[in-house]
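Peer 1: Could you work out the structure for the sequence below:
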Amino acid sequence: MTEPTPTPPAAANPGAQDAQVHVFSPNAGLIDGVPVTAPPYGDIQDVVLSILQQRAQQLGAPTPATITDNRYGGAIRLLIHPDGTTEQLD
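Peer 2: I've put the predicted structure just below:
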């Protein structure tokens with residue numbers, strides 16, 4: 001019986017789809033269409049990065065993300081590593 005070849009994590013593939021993050025306020029946003037909120041006196045930025053870091057840890061590979069922040073009217077692409085470090089893409 002032949003073992004199936006494991007599929008590499010999406011983030012490890014050069015053409016991997018970015019996580020789509022939309023930030024609406026200091027305490028509300030969406031990650032891939034799923035609502036996320038920050039706790040009272042918390043910051044949505046910390047929550048988003050924590051969730052993306054957890055995703056990278058589960059995949060065992062960095063997770064690319066496009067973050068659109070309506071508070072500032074801009075977007076940025078980041079690569080979030082399993083250890084929590086980030087780097088700007090493009």
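Peer 1: Chain neighbours aside, what residue packs nearest to the most centrally placed residue in the chain?
Peer 2: Centre of the chain computed as the mean C-alpha position; nearest residue by CA atoms, centre = their mean is Leu52, 3.7 Å away. The spatially closest residue to Leu52, leaving aside those adjacent along the chain, is Ile80, at 4.2 Å (CB to CB, 6 or more residues apart in numbering). (Each C-beta comes from the backbone N, C-alpha and C, glycine too.)
Peer 1: count of neighbours near that neighbour?
Peer 2: Neighbours of Ile80 under the rule other CB atoms under 10 Å: 26.
Peer 1: before we move on, the earlier item: ok so the residue nearest to the centre of the chain is a helix residue?
Peer 2: Yes - judged by DSSP: H, G, I helix; E, B strand; the rest coil, Leu52 forms part of a helix.
Peer 1: that older thread, list the residues that contact the residue nearest to Leu52.
Peer 2: 49, 52-53, 55-56, 62-65, 86 (CB atoms under 8 Å, 6 or more residues apart in numbering).
Peer 1: Surely the residue nearest to the centre of the chain and Thr63 touch.
Peer 2: Yes - in this structure, Leu52 is within contact of Thr63 by CB atoms under 8 Å, at 5.3 Å.
Peer 1: Now do Arg71, the pLDDT please.
Peer 2: Reading off the confidence values, Arg71 has pLDDT 89.
Peer 1: for Ala16, same thing?
Peer 2: pLDDT recorded at Ala16 is 63.
Peer 1: For Gln57, see how far away Thr37 is.
Peer 2: The gap separating Thr37 from Gln57 is 22 Å, by CB to CB, to the nearest Å.
Peer 1: same question, Asp18
Peer 2: Separation of Asp18 from Gln57 (CB to CB): 18 Å.
Peer 1: where in the chain is pLDDT low?
Peer 2: In the predicted model, the chain carries pLDDT under 70 at residues 1-16.
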